[in-house]
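Participant: Turn this into a structure:
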Amino acid sequence: MAEIQIKGLNDFSRYKSLLSELVRKDIKKKYRRSVLGVLWSFLDPLLRMIVLTIVFSALFHRVHNYPVYYLSGQLTLSLFTGGSTQAMQSLVSSSGIWKSIYVPKYLYALSSVLSNFVTYALSLIVLFAIMLVTNSEFTVFIIFASLPILILLVMTLGVGLILGTLNVFFRDIEHLYSVFCLMLLYALPIFYPADILPEQFKFIQTYNPLFYIISCVRDCFYYGKLYSLNDIIIPTIAAIILLGIGIFLLKRYQDKFILYV
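Facilitator: Residues are numbered from 1 along each chain as shown. Here you go, the predicted structure:
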């Protein structure tokens, strides 16, 4: 086991420069043929926030500072859905490369997750700007949001590897997952308060690790406090399990990929 871990670390170290290049490639591909380019990282969340604030701020009037409440949740969910979706597609879309030369296939999924993290980091500028405009308090706890975000990246990679492996064999996975991501948007308290969910549907939050990630990030940015230990342990365990399953599936079935792409 120790030998496998050392080999994995050496393997990763060997391909660090390639990973960096893949991340840059993913970012360039995302904004290719876009007039505004990287400005969409700022405009997209800003425009969504303006529309939803107009529509829902009056409806959910008890949510103080609705723009910050919405953005802190939406940006977090977008990091997961965008990263996992792109990671899912990466193994098939990069097949022309790995069929020609050997490259560890997890690098494609990892680069997709990291490129989405870059977009997320840029989008945080919008969140900070809105916090400034709305006179929100900037507390030291914002720094602690880095831990749930790191856990979210691990979770996103794990889900991306699982879906990416399945997607090689069953291309319908892409279409099904896009519907699932839409369901997540409405199932999680992104634009509405968590406590309005009827009791019979509370299980959607209780058993969803993303709910706890969003809650932790909101605690840091919106409520200006530190999240509880229980809220961070649950998604941590889920992230480790999902990453383990993803690595297992990739290693077990990657030799068969060439027969299906």
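Participant: by contact count, what packs against the helix or strand hosting Leu114?
Facilitator: Here Leu114 sits within helix 106-133, counting by DSSP states H and E. For helix 106-133, the contact count by 3 or more C-beta pairs under 8 Å, 6 or more residues apart in numbering; DSSP states H and E identifies helix 16-30, helix 40-56, helix 66-93, helix 146-169 as packing neighbours. Where you see a C-beta, it was placed from the backbone N, CA and C, and this is true even at glycine.
Participant: what residues does the shortest one touch?
Facilitator: Put plainly, it is helix 16-30. Contacts to helix 16-30, defined as C-beta atoms under 8 Å, 6 or more residues apart in numbering, come from residues 12, 38, 86, 103, 107-108, 110-112, 114-115, 118-119.
Participant: Farthest pair within these?
Facilitator: Spanning the widest gap among the contacts of helix 16-30 are Phe12 and Val38, at 27.6 Å by C-beta to C-beta.
Participant: before we move on, the earlier item: out of the helices and strands packed on helix 106-133, flag the one nearest Val133.
Facilitator: When these are compared by C-beta to C-beta, helix 66-93 sits nearest Val133, at 8.3 Å.
Participant: and the direction of that closest one versus that of helix 106-133, what angle?
Facilitator: Helix 66-93 and helix 106-133 are oriented at 170 degrees to each other (axes from the mean of the first three to the mean of the last three C-alpha atoms, to 10 degrees).
Participant: Tell me the buried residues in helix 66-93?
Facilitator: Neighbour-count burial for helix 66-93 flags 66-92 (criterion: 16 or more other C-beta atoms under 10 Å).
Participant: tell me what the next helix-or-strand element following it is packed against?
Facilitator: Later in the chain than helix 66-93, the nearest helix or strand by DSSP H and E is helix 95-98. On a contact count with 3+ C-beta pairs under 8 Å, 6+ apart, helix 95-98 meets no helix or strand.
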